[in-house]
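Colleague: sequence-free structure coming up:
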């Protein structure tokens, strides 16, 4: 039997990564692969990149790798380098050392297991590294993604929500997130595959860690102070294991409010009412 561990969406959360590394080492897998988004949405991107590089784990390239590279290589609109709205992205991009930047710049779109060549890892999907596969993805679209690869095990992430879909000829597995899960479980999450010929067991693993260490990193590095409301929203995501940043941006634009300004209290009142309404509709 071959054991392959796959993790992704670490998002510059080094305490979560170290907890997962410890758990992976205890499971003694034959191979470890990474699905991208080592960086972004957090304050310690360089530390995460350096750790993955040190371990020699193959990694695919996530959309947040692209964001950081584009910022540093000035492939974004010029106003992004000065505007308050992009302060967090600017901070995270500038935190990366040149070695870390070079490392993420050479990451491939996907990686295939050496020991189980029928297992292939993308960040989001075979179509793009920002086109995630989730329960909301129409079944025919999920099947289309699967049919677009030669391998029988399609592994993805990006949505921060685990998913398993089995077909007669293979499966799609969304492995969730190490650094910022969005499934209401704040533990760091990854997947361990147990593979024997065509028999594949998928083990979703959850690892508890001290999230206060990550909050301390937000404060100690200056990220919480300098990255504005974005850092505050990311702290909420860390605490609640639920998305806040994208809903806030959408809400601000819908209400014609500058998203870079602090409308936190107003947004949270709206968001709480929205969640209660959704719960009533589904109960």
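Modeller: Arrived safely, thanks for sending. Here the structure is a predicted model, which is why all the values come from computation and not from measurement. Numbers count the residues shown, from 1 in each chain.
Colleague: quick one: contacts for residue 224?
Modeller: If you count contacts by CB atoms under 8 Å, 6 or more residues apart in numbering, residue 224 has them with 218, 231, 232, 235. C-beta coordinates here come from the backbone N, C-alpha and C atoms, glycine included.
Colleague: swap that for residue 2, sorry
Modeller: With contacts defined as CB under 8 Å, 6+ apart, residue 2 is in contact with 30, 31, 115, 116, 193, 194, 195, 196.
Colleague: Filter those down to the buried ones and hand me the PyMOL line.
Modeller: Buried residues within the contacts of residue 2, as defined by 16 or more other CB atoms under 10 Å, are selected in PyMOL through the command that follows:
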select buried, resi 31+116+193+195
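Colleague: any idea of the mean pLDDT in the helix or strand encompassing residue 225?
Modeller: Using DSSP states H and E, residue 225 sits within helix 223-226. Looking at helix 223-226 alone, the average pLDDT works out to 94.
Colleague: Packing partners of the next helix or strand after it?
Modeller: Elements were assigned by DSSP H and E; along the chain past helix 223-226, the next helix or strand is helix 228-240. Counting contacts by 3 or more CB pairs under 8 Å, 6 or more residues apart in numbering; DSSP states H and E, the secondary-structure elements packed against helix 228-240 are helix 87-95, helix 211-220, helix 223-226, helix 245-254, helix 264-282.
Colleague: now with 6 Å?
Modeller: Contacts defined by 3 or more CB pairs under 6 Å, 6 or more residues apart in numbering; DSSP states H and E place helix 228-240 against helix 87-95.
Colleague: right, and the helix or strand after the helix it packs on?
Modeller: Once the chain leaves helix 87-95, the next helix or strand it forms, by DSSP H and E, is helix 98-105.
Colleague: pretty sure residue 129 is touching residue 123, no?
Modeller: Yes. Between residue 129 and residue 123 there is a contact at 4.2 Å, judged by CB atoms under 6 Å.
Colleague: Which of the contacts of residue 224 ranks first by neighbour count?
Modeller: When neighbours are taken as other CB atoms under 10 Å, the top entry among the contacts of residue 224 is residue 231 (24 neighbours).
Colleague: how about the nearest residue to that one, chain neighbours excluded?
Modeller: Ranked by CB to CB, 6 or more residues apart in numbering and with sequence neighbours excluded, the top spatial neighbour of residue 231 is residue 224, at 4.8 Å.
Colleague: Next, show the common contact partners of residue 129 and residue 123.
Modeller: When CB atoms under 6 Å, 6 or more residues apart in numbering defines a contact, the residues bordering residue 129 and residue 123 alike are residue 62.
Colleague: okay, those two: which has more neighbours?
Modeller: The residue with more neighbours, out of residue 129 and residue 123, is residue 123; 31 against 26, by other CB under 10 Å.
Colleague: Just give me the neighbour total for the residue lying closest to that one once chain neighbours are set aside.
Modeller: Taking CB to CB, 6+ apart, and ignoring the residues beside it in sequence, residue 123 has residue 36 as its nearest neighbour in space, at 3.7 Å. Residue 36 has 30 neighbouring residues, counting by other CB under 10 Å.
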